[in-house]
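> coordinates only, no sequence provided:
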């Protein structure tokens, strides 16, 4: 994947999220599944949560656009697995019932922590590879 393709993937994810949000707002209850057990699930929210890690491609592609390709390839090896894990935990967070047994909703805090860990690790890897290549 190139830097331009990564930016394009982020923009497509943004457009899809906006379209799903508009669909959900205009057609109330369009995305909600209500089984007989009264545990409703909003599938639009789950889908938007699943696509949200792809939005990280926009700022990182802009940041990496001006750096050498070696830095991009080094970061991309990490980002492939990191984004997949974020998407997996986003699906879990969207499909879990909203009643926290320990007094608060666990998954939103987990997602926030994982996003922060991904951002910090990405910035550290990019900085490390940039300065390592600068010395050569």
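Okay, I see it. Treat the numbers as computed from the prediction; the structure is a model and nothing was measured.

> mind listing the helices for this protein?
Ranges of helices in the chain, per DSSP state H, are 3-26, 43-51, 57-65, 69-95, 106-135.

> just send the ones you listed back as CSV, with mean neighbour count too.
Using the backbone N, CA and C atoms, a C-beta is placed for each residue, glycine as well. Shown next, in CSV, are the helices of the chain (neighbours: other C-beta atoms under 10 Å):
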stretch, mean neighbour count
helix 3-26, 15
helix 43-51, 18
helix 57-65, 18
helix 69-95, 16
helix 106-135, 14
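
> lowest mean pLDDT across those, which one is that?
Ranked on mean pLDDT, the bottom entry among the helices of the chain is helix 43-51, at a mean of 78.

> and the angle for that one with helix 3-26?
Interaxial angle, helix 43-51 versus helix 3-26 (axes from the mean of the first three to the mean of the last three C-alpha atoms, to 10 degrees): 160 degrees.

> how far out from the middle of the chain is stretch 46-57?
Stretch 46-57 has its C-alpha centroid displaced from the chain centroid by 4 Å (C-alpha atoms, centre = their mean, to the nearest Å).

> who's in contact with it?
With C-beta atoms under 8 Å, 6 or more residues apart in numbering as the test, stretch 46-57 has contacts from 6-7, 9-10, 12-14, 16-17, 20-21, 79, 83, 86-87, 90-91, 93-95, 115, 118-119.

> residue 66: neighbour count?
For residue 66, the neighbour count with other C-beta atoms under 10 Å is 8.

> which pLDDT does the model give it?
pLDDT, residue 66: 88.

> please state the backbone phi and psi of it?
Per-residue torsions, residue 66: phi -90, psi 0 (degrees, to the nearest 10).
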